[in-house]
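Student: turn this into a structure:
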Amino acid sequence: MHIVCLDLEGVLVPEIWIAFAEASGIPELKRTTRDEPDYDKLMNYRLGILKEHGLGLKEIQDTIEKIEPMEGAKEFLDELRKLGQVIIISDTFTQFAAPLMAKLGYPTIFCNELIIGEGGEVTGFKMRCEKSKLTTVKALQSIGYETIASGDSFNDLGMIQASKAGFLFRSTEQIKKDYPELPAFETYDELLAAIKEAI
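Tutor: This next block holds a predicted model:
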C-alpha cells in the first residue's frame, strides 16, 4: 500500500508569500523555505514585517483569491489520484489553503493554523506538529503505508529522504547541487512517470 505526499507551494501552486510580496510591494516578503531552512525563524520574520506595515489576514487572502494553480497542476493531481491516495503536506495555513484547494478539486491537505487577532491581524501561528512533513510521513509508514514524496524546498527534504521514493520538483539549483542523489524533475509528466515507476 502506498500513499503519495506532495508539497503545495512551488509544486502545485505559486509561492503565496512571493505573490503577496509583489502585490504589497514589500520585497522582503519574497523570502521562502527555499532560502531559509528554519521555518520558525522565517515565519517570525514575516509576522514582524506584516506588523510593521499594518497588514493582516484579509490583505493576504485578497492576494490568494487571485492565485491560480500552476499550469497542468490540477490535471497532474487528478491523474495521481487515480493511482491511489494523495496527501498534500504543507507548512502553509488553513486560512491560506482553502481557496486553493477549491481550485485543485479539494484534495486532502495537512497544514498549520494562523492565530488571528480581533482586528484581523496575524498574531502568531500554530504548527500541527514538529517537523510536520517528516513526522507525517513517518506516521503514515507506522500504519502500513509506503510513502512516495515530492517537494521543492529545504523543509521537504526530510519527507523526501525518509520515503520509499522521493523526488525534487522545480527545486533550486543549490538544493539540486547539495542533494545530487535525489532525482529532480521540471515537468509534471516526468514526475508522474517517476511516481508510477515507484509504485
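Student: list of residues touching the longest helix along the chain?
Tutor: The helix that spans the most residues within the chain, counting by DSSP state H, is helix 39-53. Outside helix 39-53, the residues that touch it by Cβ atoms under 8 Å, 6 or more residues apart in numbering are 17, 24, 26, 28-29, 31-33, 36, 56, 91, 121-125, 127, 155. From N, CA and C alone the C-beta is placed, and that goes for glycine too.
Student: check stretch 70-83 too.
Tutor: For stretch 70-83, the external contacting residues (Cβ under 8 Å, 6+ apart) are 4, 6, 11-14, 86, 103-105, 107, 188, 191-192, 195-196, 199.
Student: list the buried residues in that stretch.
Tutor: Under the neighbour-count criterion of 16 or more other Cβ atoms under 10 Å, stretch 70-83 has 73-74, 76-77, 80 buried.
Student: quick check, nearest of these to Ile160?
Tutor: Nearest to Ile160 among the buried residues of stretch 70-83, counting by Cβ to Cβ, is Leu80 at 16.2 Å.
Student: roughly how far out does the host helix or strand of that closest one sit from the chain middle?
Tutor: Following DSSP states H and E, one finds Leu80 within helix 73-83. Helix 73-83 sits 17 Å away from the centroid of its parent chain (Cα atoms, centre = their mean, to the nearest Å).
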